[in-house]
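In: Below are the sequence and a predicted model for it; my questions follow.
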Amino acid sequence: MKEFRRRIYRNLSEIVADLRAILAQRPHIKPLLRGTLVSAAFRERLMLAVTGVNACRYCSYVHTQQALSEGLSPEEIADLQEGELAGSPLEEQAALLYAQHWAETRGQPAAEARQRILAQYGAERGAAIELALQAIQMSNLLGNTFDYLLYRASFGRWGGAH
């Protein structure tokens, strides 16, 4: 049986904890979706940076489509999904690096990395960035967990294990 290599939820309590963390920020969700503190294009870059780390095929598809509609080029989208940031706006690259770090640490970034983001973008915009990261991380892990269940049900013969 091939090994399933993508990040998944390991138990229900992880899902509940992530959902609670997002719901605790309910007042900030609409401004994030409206592009008040983080533009829609920037938000999609953040989503693609995290999805690139977590390799969720569902989120990759959805956010590729949304990024295209927000004016990102196919080349920039492909680069973001591969972890390359050079084609992204310079003023967003620190947040995109942070997004990758955030995903790699399962939402537990180094304190100094978080402080740098808050110092660079401000507390309110930094909080909006982190809310976007939490939302896409949860979506990625839910999608990957669904794929893991498909993988287990197929006794490891399912082709989407990577």
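Out: Yes, it's here.
In: make it CA atoms for all contacts and neighbour counts henceforth
Out: Fine.
In: Residue 94 against residue 115, yeah?
Out: No. If you go by CA atoms under 8 Å, residue 94 and residue 115 don't touch, sitting 11.9 Å apart.
In: more neighbours, these two?
Out: Each of residue 94 and residue 115 has its neighbours counted (other CA atoms under 10 Å); residue 94 has more, 16 against 13.
In: helix, strand or coil for that one?
Out: helix (DSSP: H, G, I helix; E, B strand; the rest coil).
In: any idea how far it is from residue 139?
Out: 23 Å (CA to CA, to the nearest Å).
In: got it, and residue 37?
Out: 21 Å.
In: for residue 15, same thing?
Out: 10 Å.
In: What of residue 151?
Out: In terms of CA to CA, residue 151 sits 18 Å off from residue 139.
In: which residues are in contact with stretch 20-38?
Out: 40, 43, 124-125, 128-129, 131-132, 134-135 (CA atoms under 8 Å, 6 or more residues apart in numbering).
In: Of those, which is the nearest to residue 83?
Out: residue 43 (15.8 Å; CA to CA).
In: Helix or strand: which one has the closest residue to the closest one other than its chain neighbours?
Out: What sits nearest to residue 43 in space, not counting adjacent residues and going by CA to CA, 6 or more residues apart in numbering, is residue 132, at 6.9 Å. Here residue 132 sits within helix 123-153, counting by DSSP states H and E.
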